[in-house]
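Colleague: Predicted coordinates and the sequence they were generated for:
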Number of protein chains: 4
Amino acid sequence: MTPKIINREEKSREIALAALTVFAEHGFESTSMSQVAEAAGIGKGTIYEYFHSKTDLIIAATAAWVQNIEEGITPLLDSDMDPLTRLRTLFAASTKAFLDDPKVILVFLGISQLVIKDPALGQRFGGAEVISAPIRKVICSILADGVAAGLFHVHVLENSESIARNLVAFVDGIGLHYVTNPHAFDLAEQINFYLEQLIATLSVAPNGDRSPGVRGKRNR
Amino acid sequence: MTPKIINREEKSREIALAALTVFAEHGFESTSMSQVAEAAGIGKGTIYEYFHSKTDLIIAATAAWVQNIEEGITPLLDSDMDPLTRLRTLFAASTKAFLDDPKVILVFLGISQLVIKDPALGQRFGGAEVISAPIRKVICSILADGVAAGLFHVHVLENSESIARNLVAFVDGIGLHYVTNPHAFDLAEQINFYLEQLIATLSVAPNGDRSPGVRGKRNR
Amino acid sequence: MTPKIINREEKSREIALAALTVFAEHGFESTSMSQVAEAAGIGKGTIYEYFHSKTDLIIAATAAWVQNIEEGITPLLDSDMDPLTRLRTLFAASTKAFLDDPKVILVFLGISQLVIKDPALGQRFGGAEVISAPIRKVICSILADGVAAGLFHVHVLENSESIARNLVAFVDGIGLHYVTNPHAFDLAEQINFYLEQLIATLSVAPNGDRSPGVRGKRNR
Amino acid sequence: MTPKIINREEKSREIALAALTVFAEHGFESTSMSQVAEAAGIGKGTIYEYFHSKTDLIIAATAAWVQNIEEGITPLLDSDMDPLTRLRTLFAASTKAFLDDPKVILVFLGISQLVIKDPALGQRFGGAEVISAPIRKVICSILADGVAAGLFHVHVLENSESIARNLVAFVDGIGLHYVTNPHAFDLAEQINFYLEQLIATLSVAPNGDRSPGVRGKRNR
DNA sequence: CATGAATGAGACTTCATTCAT
DNA sequence: GATGAATGAAGTCTCATTCAT
C-alpha cells in the first residue's frame, strides 16, 4: 500500500554520474554495463530500470557532465571580476580540468562516435552543440561585458558567437591532442598562448588603433 | 614451385588503405576484421599475416592516412605562391576534406581512444603528435617564408611551432564539433574566420606597429 | 483499521482473465509478468500474492479460458433445437472463434508446451484433456439426443466418446494449420466438409441401411 | 592456398538435425543455442556461421524434419500394395512416430508460435502448409489409386485435397492432445477409429450404393 | 602464402521473482 | 494487502584470433 518511494530523477543522475566516471576511464565502447553497475554500486539489471539502453546511458552521462561543467563555470557569469580576469580564470579552469582528468574527453569522443555513426541520434541529442552551449554562453557574456567596459573593440560584439565557438573548439582540439601524447607539449602553455593572442586581438589597442582581426568575417 | 613473389611492404599498405576506408565509414571498434578483409579483397586470416592484431592495423591505417595527407599538402611546401595564398589554400583543403568526408575523423577518434586507454601504445605510436606532424611542418614552413617575405612579423618565427600546433588543434576541434552536428554552424565560415583573424595577428601592421599577439608567450 | 475485504477468488479470476488476454496476444513465453500486471491494472508484485509462479498463472488462465468456452456452449446442452442444428451451431461457433481471434490458440500451445516439457504438470493439470472436456461433453450430449431422436444410428452411442474426441482434435488440428498460414485454405469450408461428412456417417440412411463407419472400432 | 574444403550444405543439415533433436526434447524457446551447439558437437559461434539467427535455425530444422518425413513415406507413393493397405500403413507409421517420440510435436508448436507471432515469417516459410505438403501429396496419390482401382467412389477424386488436409489436421490435433496427456486415451485406437470411419465413407458400398459423405462439400 | 572454418569469451539485454516499505 | 525497485541468471549474438589445409 505504501510503495517504496524512490526519487527516480536523483537515482538516474547517480547512475549517470557513475557511468560518466567509468566511461571517462575506459571509453564508452570498452566499458561494459557490468562495470557501470559495479561503479554505481547496483545490480546490472537495475541500470535498465532507469535507462533503456547503453546509448541512452551515455547520453545521460554526457548531459550530467555538461551540467557539472555548467555548475563549475556559472560563477563566472555574474562575477564582479573584470572581464579579462574572468576569461583567464575560465581558461585556467578548462586547462586544469584536462590536466586533472585527461580521459574525460573519452566521453566526448564516445558520444561523438555514436552521433557520427547514427545521425538520427545527433538530431535527438544535439551533439557537441549542446555540450558546448553553456561554456559558449559564458564566453559571450564575458565578451559583452568586456566591450561594455571599453576593454574590447565594439566589433567583438557582432562576432562573439563565432569567437566563442572557435575558442571552445580549440580547447577541445588541443585537449584531444594532449591526451593523445601528454609528453609532446605543455598544455597550459599552449592554451595560454592562444588566450593571450586572442585577448590582444580583441583588445582596443592602447593607441586607439582598431585591431583588425575581429572583422575577419568580412574579409572573405 | 616458384614461390610467389610478394612485396610485403606494398601489400601491407594496400590492406591498411582498405582498412582506412572501412574504419572511416563505421569507426574502429564497430568495424570487424571481416569487413576489412572484404574491403581489401582478401581472406580474413591473411590480414594476420601482415598485422599482428587489430590495433596494429589501425596504427598502420592511421600512418597511411597521414601519408595521404602529407602527399596532398606537400605541393604547398615548395610552392612559389605567396605565403598568404598558401596558407589559405591549406585551410581550404582541410575544410574541403571535412566537408567531403566528415567521417574520416572517426579514424582519428579511434586511434585516440586506443592511445588514451593504453598509454604504452601512445609511446610506441606517438598519437596525434605524429598524425599532425606533416601539416605542422608545412605551416611552419609557410610562416617562415612569410616572415622572410616581410609579410609576417619576425616574432612569428620564434612561435611558429606553437602557432602551427594551435592551428591544427583548432581545425581538429572545430571539425569534430562539425561532424557531431553539421546543421549547427557553417564550417567553412568558421574556419575562415579563424584564419583571417590569425593572419591579421601575424601580419606586420601597415603602420609598422608590431602586432602584439605573437608575443603572447611572454605574458605568462 | 477495517481490513480491506478482498474476494481472493474473484480477484484471482480477474488476473487470470487479464493474463489470458495478453498470453493470447503474444504467447506465453513471450509475455512478461509486467505485461500481465499492466493488463490487469495492478502492480507486478501483486500477481504473486495470487499466483505462485508464471506457470501457475497460465494454468489459471487456461482454466478461465475453458470456463469461458463452457459458458459459451452450455446453451447448446439443453436446447430444444434439433441435434443436427445444434451440431452445426457448435461447429460454426468454433469456426468463428478461430476466425475472430486466431491467436488464442497460442494459449493452448503455451500450456501444451509446458505440459509436454514437465509431465508432472500434466498430471496435476490434465492437459488438453481438461481443456476439451466441456466441449466433448456437449458433443456427446448432442449425439445421444440424435440417437434418441432416431436421427443417428444406435451404434453412435457406444462410440460417442471417441467421435467427440476425434472431432475436437480435428478442429484443433485444422485450426492450428489455419493460423499458421491463413491464406492456404478456407477454414470454414474445410470444417464444414468434415462436419457434413461426419453427419452423413452418423445418420441413419433414408433407406434404412446402416452406415458402417460408426462401427470402425470393431475392424481393428 | 588450399583452403579447408567444407560442404556447407551438408554441415548445415547436420546442425539442423542436431537442433531438431534438442528442440524436440525441450521445445524451441526453452532450448538455448548452447544446448544446440553441444548436441551438434560444435562451438556456440559455429552455429552462426551457418544460420543467421535462432529463428533461421528452427526453420531449417523444420525443413529437415519435413524431409525426414518425406523420405520415410515416399516408398508408399509408388508401391504395388493395394491402396487400402497403403493408407493403413501410412497411418500406422504416423501413429508409431507419435508414440515413439511424442515430443517432436514441440518443433511443430515452436515453429507455429513463431509464425503466428510474426506473420511475415509465415509468408516466407509457408507454415504448416509446407510441413504437411509431402504427406498430403502421398494421401492424394493413394486416394487416386483407390478410385482407379474401383475401391473408392469417384467423387473422392474431386475432394481428395480436402480429405487429405483434414486427415493430416486430425492426426496433428489428436497427436497434440495425446502428448498433452498420454494417459487420457489410446492414441492408436483413436487414430484407427478415424481411419476406418474414413475408409468406410470413401469406399464403394458392396451393394453399389454411393456413400454420401464424399459429397459433403455440396451440402453447404 | 592464403584461407575461412571454428571458437569461446564476453557484450547487451530481458525478466521471473523477491522483499522492504 | 499492495507495490515496484532491485537483481542476477540466462539468453542471443558478435568477433578477434587461431590453425588445419
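Modeller: That came in fine, so what should we check first? Note that the structure is a prediction, hence the values are computed from the model and not measured. Numbers count the residues shown, from 1 in each chain, chains lettered A, B, ... in the order given.
Colleague: could you check the angle helix B:155-180 makes with the helix or strand hosting residue A:157?
Modeller: According to DSSP states H and E, residue A:157 maps onto helix A:155-180. Using axes from the mean of the first three to the mean of the last three CA atoms, to 10 degrees, the direction of helix A:155-180 lies 80 degrees away from that of helix B:155-180.
Colleague: Send me the following helix or strand past helix A:155-180 as CSV with only the CA atoms.
Modeller: Following helix A:155-180 in sequence order, the next helix or strand is helix A:187-202 (DSSP H and E). C-alpha atoms of helix A:187-202 as CSV (Å, rounded to 0.1, in the frame of the first residue of the first chain):
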residue,chain,number,x,y,z
LEU,A,187,49.1,22.1,-22.5
ALA,A,188,48.9,25.1,-20.2
GLU,A,189,51.5,27.0,-22.1
GLN,A,190,49.8,26.2,-25.4
ILE,A,191,46.3,27.2,-24.2
ASN,A,192,47.8,30.3,-22.6
PHE,A,193,49.4,31.3,-25.9
TYR,A,194,46.1,31.1,-27.6
LEU,A,195,44.4,33.1,-25.0
GLU,A,196,46.8,36.0,-24.9
GLN,A,197,46.9,36.1,-28.6
LEU,A,198,43.1,36.2,-28.6
ILE,A,199,43.0,38.9,-25.9
ALA,A,200,45.4,41.0,-27.9
THR,A,201,43.2,40.7,-30.9
LEU,A,202,40.1,41.6,-29.1
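Colleague: Report the helix or strand with the lowest average pLDDT across chain A.
Modeller: Least confident helix or strand of chain A, by mean pLDDT, DSSP states H and E, is helix A:119-125 with a mean of 81.
Colleague: Let me see the residues that make contact with that helix.
Modeller: Residues from elsewhere that reach helix A:119-125, judged by CB atoms under 8 Å, 6 or more residues apart in numbering or on different chains: A:55, A:59, A:62, A:111, A:114-116, B:180-181. C-betas here are computed from N, CA, C, even on glycine.
Colleague: Repeat that for stretch A:155-173.
Modeller: Here stretch A:155-173 makes contact (CB under 8 Å, 6+ apart) with A:91, A:94, A:105, A:108, A:128, A:132, A:135-136, A:139-140, A:143-144, A:146-147, A:191, A:194, A:198, A:202, A:210, A:214-217, B:166, B:168-174, B:176-177, B:185, B:189-190, B:193-194.
Colleague: Just the buried ones from these, in PyMOL syntax?
Modeller: The following PyMOL line selects those of the contacts of stretch A:155-173 that are buried, judged by 16 or more other CB atoms under 10 Å in any protein chain shown:
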select buried, (chain A and resi 91+94+105+108+128+132+135+136+139+140+143+146+147+191+194+198+202+214+215+216+217) or (chain B and resi 166+168+169+170+171+172+173+174+176+177+185+190+193+194)
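Colleague: rewinding a little: return a selection command, for use in ChimeraX, containing the buried ones of the contacts of helix A:119-125.
Modeller: Buried residues among the contacts of helix A:119-125 (16+ other CB under 10 Å), as a ChimeraX selection:
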select /A:59,62,111,114,115,116 /B:180,181
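Colleague: Which of the contacts of helix A:119-125 sits closest to residue D:13?
Modeller: Nearest to residue D:13 among these: residue A:55, at 39.2 Å, using CB to CB.
Colleague: Would you mind listing the residues in contact with the closest residue to that closest one other than its chain neighbours?
Modeller: Leaving aside its sequence neighbours, residue A:55 sits nearest to residue A:114 (CB to CB, 6 or more residues apart in numbering or on different chains; 6.2 Å). The contact partners of residue A:114, by CB under 8 Å, 6+ apart, come to A:28, A:55, A:58, A:121.
Colleague: Where does the residue minimising distance to the centre of chain A sit, in terms of helix or strand?
Modeller: For chain A, the residue nearest the mean C-alpha position is residue A:132 (4.8 Å; CA atoms, centre = their mean). Using DSSP H and E, residue A:132 maps to helix A:128-148.
Colleague: Compute the inter-axis angle for that helix and helix B:155-180.
Modeller: Using the same axes, to 10 degrees: helix A:128-148 against helix B:155-180 is 140 degrees.
Colleague: Counting by contacts, list what helix A:128-148 packs against.
Modeller: The helices and strands touching helix A:128-148, judged by 3 or more CB pairs under 8 Å, 6 or more residues apart in numbering or on different chains; DSSP states H and E, are helix A:54-73, helix A:83-100, helix A:105-117, helix A:155-180, helix B:155-180.
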